[in-house]
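Chemist: Take a look and give me a structure for this.
(2 chains)
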Amino acid sequence: MTTATPNAALAALADIQRGFQSSGYIASDAIATCVYIAQALAKPILVEGPPGVGKTELANATAKLLDKPLIRLQCYEGLDESKALYEWKYGKQLLYTQVLKEKLGDLMQGAQGLKESIARLHEFDDTFFNEEFLEPRPLLKALWAPQGAVLLIDEIDKSDQEFEAFLLELLQDYQISIPEIGTVKAKHPPVVFLTSNNTREIGDALKRRCLHLYIPFPDAKLEQRIIESRVPALEAGLRTQLVAFVQSLRGLDLKKVPAVSETIDWARTLLLLHAAELEPTLVRQTLNVLLKFQDDIEHVDAEVPALTRQAAKNA
Amino acid sequence: MTQVLSNFIKALRASDVRVSTAESIDAAAALELVGFEHRTLIKEALGQVLAKTPDDKSRFNDCFERFFTFEALSGDDALAGEQGGDDAQREGAAGDDAGQGGSGGGGAGGLAAMLERGDGAALQQALASAARNVQLQNIRLFTQRGMYIRRILEDMGIEPLDDFLFALLKANDDDPRALKLKEQKARLIENVAELVDRQMLMYTANAWPKLREEVLQKTPLARIEMRDFKVMQELVRKLAKRLVSLHSRRRHVSKRGQLDVRHTIRKNIEYDGLLFETVWKRVRVDRPKVIAVCDVSGSVAQVARFLLLFLYSVAEVLPKVRAFAFSSHLGEVTQLFETKPVEDAVIETVNTYGMGSTDYGGALAELERLTLADIDQRTTVIILGDARSNYGDAGERSLRRIHERARRVLWLNPEPMAFWNSGDSEMQKLGAACDKVESCRSLKHLERVVSEIARTAI
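Modeler: Numbers count the residues shown, from 1 in each chain, chains lettered A, B, ... in the order given. Now for the predicted structure:
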């Protein structure tokens, strides 16, 4: 078998993880493996997971790691190719026709009859529909990027099914078809991330073309490392308490459990308030940073002392 | 290695993870990339390539753990323990003996030697290669278990071993070496059986539920047993999901507009025919209103239960469903279904309205009184019942008045068609006041009916 030695793979993984860490993104083994495979096989990655676990951030970190520009396309209902792919510069084309009109007399000078005039017109190229008049949108930009790029197609589940189908060509061959011009193929295939919050089921055809990465909530150890890298000023003791508290919150029956981004916000809040350790009153006052529904806050409020005690014990 | 991978994919498919050919190619590429040394790495890599939903992921994890178990043969320790120092010399001799004695040549002697040496690793390898040779991955039914055990043993060379053993015992009835070998052979057989069982579990774990689901879909609903209800509910949900995705997609497509030339010209006459205002073709968004009327007396209650479950499971494409239940009197249960989980609502409905003998005349009259004002040309009325009115008024006049106003009236009868119009069945009278009369006995029928209704829900 012509494989690279497994140690090479491991080394590459370690490299990726180190690279991510230097830009402040702590990647689990699964994430690093996925990025490694995606690069080697030139496959897009479909990232799923609860909101706020760093799906979008992963694309950012990858762009930094590879030192390539990040091109982002935010999906929403009604997004179509004229906003995602390209648009003709109508104004410029209109201007061009005006110029052409003036010049037409010169061009046609000496032509005998209609037939000859048309023949002469045909000698010119199709000047209206070429790349000159093309206004690239994110997808085309990603294909045109001279050094390659990291393309983030954010919240693909928010777009229509038609748009999903339209992406297939891009994801499979890194090329797109523009009817007036032909196919545009990427010189350097971009690294593509698609993120989804699962508000609707993504089609099988799309899934088949992607690697599927599911990012769950991190475990306590990983979350501590994340906080450490994001809020380095926070004292270690408080950090473990805080993470333990958030982890236990995720076990409760809440409308929306706090995600990593909320833990980071909370850590920053506590830092701002110069907190030395978690205590019930402090937690109650800052609970709105973690929980985004009044129902949840009321539900947790009663249990704050117990949870705080437990977090202090676990830490 | 590709053989192992394709076996693994086979096992994955057996446990209901959908893997396409393109994905298996990707898997092979990914595997080549990460190498075969690190188990967790392989697991991550394959997981990302092959399993693409959270459900699939958990199934993948199970399957991976089961497929790539490298547990040592049980009894190895015991074997190793018995190997005393003095046995060591005998081993070589045994190997030689077997080599000469085994009529089958090296293979036979090999097995005997391996057993006597207690060489767990070699045995494990032999077992694995034998399993591969007999294509154990093709096992499908538990009745094949014995056959595969036998074949594996044969492939490992049990016959020459038996001959060798027989020769030893013939020479000396209680040769300690033969007795020990016999014991080890028994242990080997046990190990093979275990392996076959494990494989069977992996490749066929999902075959039974699948078969069961298939059968349940065709079983008359009235005859479904209590213990199958959970599976049935799951099944209804599955079918409903399919219908929703099928029909919601179509609605989506047909919403798109095109320029309506005829109407544009017509509209712009007032601007002296200058095409100034455009008119776009539009597909009328037609959400049918459904009125479901269910007989919940003893005989029909089961079918009613599943019809209601079905109708409320496709709420995405049929948002306006009013439900009525009756046996001796009729009442609306829409509220119940909107506030409670469907399963609970169904049970409560049957408990509240299920008592008493059916009175179609009264029920249909009541239905007319309650709903006639609400019925219009978009309303589909579904009536589920056996039309057995206990020789009372059939209520066909009320039904005819409903029919006149409704878009259509469907009558679903859970009895086979041969039983209609026999005894107190008033199917002929009532059927005349309907657009369509169908026998509806199993989940398959129900699916067809609901799909038919949803089809008009463009």
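Chemist: what's the spacing between residue A:146 and residue A:82?
Modeler: Applying Cβ to Cβ, to the nearest Å, the value for residue A:146 to residue A:82 is 24 Å. Every residue, glycine included, has its C-beta placed from N, CA and C.
Chemist: mind listing the strands for chain B?
Modeler: In chain B, strands defined by DSSP state E lie at B:289-295, B:321-326, B:330-332, B:379-384, B:408-413, B:436-439, listed in chain order.
Chemist: Report pLDDT for residue A:61.
Modeler: With respect to pLDDT, residue A:61 scores 92.
Chemist: Next, it: secondary structure please.
Modeler: Taken by DSSP: H, G, I helix; E, B strand; the rest coil, the conformation at residue A:61 corresponds to helix.
Chemist: Leaving out the residues flanking it, which one is nearest to it?
Modeler: residue A:25 (3.6 Å; Cβ to Cβ, 6 or more residues apart in numbering or on different chains).
Chemist: again, but for residue A:133
Modeler: Residue A:133's closest residue in space is residue A:89 (Cβ to Cβ, 6+ apart), at 4.9 Å.
Chemist: Now do the same contact list for that neighbour.
Modeler: Counting by Cβ atoms under 8 Å, 6 or more residues apart in numbering or on different chains, residue A:89 makes contact with A:133-135.
Chemist: would you turn those residues into JSON lines with neighbour count, secondary structure and pLDDT?
Modeler: Below are those laid out as JSON lines (neighbours: other Cβ atoms under 10 Å in any protein chain shown; DSSP: H, G, I helix; E, B strand; the rest coil; pLDDT from 0 to 100):
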{"residue": "A:133", "neighbour count": "18", "secondary structure": "helix", "pLDDT": "85"}
{"residue": "A:134", "neighbour count": "19", "secondary structure": "strand", "pLDDT": "87"}
{"residue": "A:135", "neighbour count": "12", "secondary structure": "strand", "pLDDT": "88"}
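Chemist: ok, which residues in chain A are in contact with chain B?
Modeler: Proximity of chain A to chain B is confined to A:1-10, A:13, A:29-30, A:33-34, A:36-37, A:40-41, A:43, A:46, A:48, A:160-161, A:201, A:204, A:207-214 under the rule Cβ under 8 Å from any Cβ of the partner chain.
Chemist: of the residues you listed, buried ones?
Modeler: Among the residues of chain A next to chain B, those classed as buried by 16 or more other Cβ atoms under 10 Å in any protein chain shown are A:6, A:9-10, A:13, A:30, A:33-34, A:36-37, A:40, A:43, A:46, A:48, A:161, A:207-214.
Chemist: give me the element residue A:117 is part of.
Modeler: Using DSSP states H and E, residue A:117 sits in helix A:113-122.
Chemist: Domains in chain B, by residue range?
Modeler: Domain assignment for chain B by automatic domain parsing gives B:2-67, B:76-205, B:243-254+B:286-455, B:256-283.
Chemist: worst average pLDDT in the ones you listed?
Modeler: domain B:76-205 (a mean of 71).
Chemist: Count the neighbours of residue B:173 for me.
Modeler: Using other Cβ atoms under 10 Å in any protein chain shown, residue B:173 is surrounded by 9 other residues.
Chemist: That one and residue B:445: what is the separation?
Modeler: Counting by Cβ to Cβ, the gap from residue B:173 to residue B:445 is 70 Å.
Chemist: that older thread, quick one: pLDDT of the residue nearest to residue A:133?
Modeler: 85.
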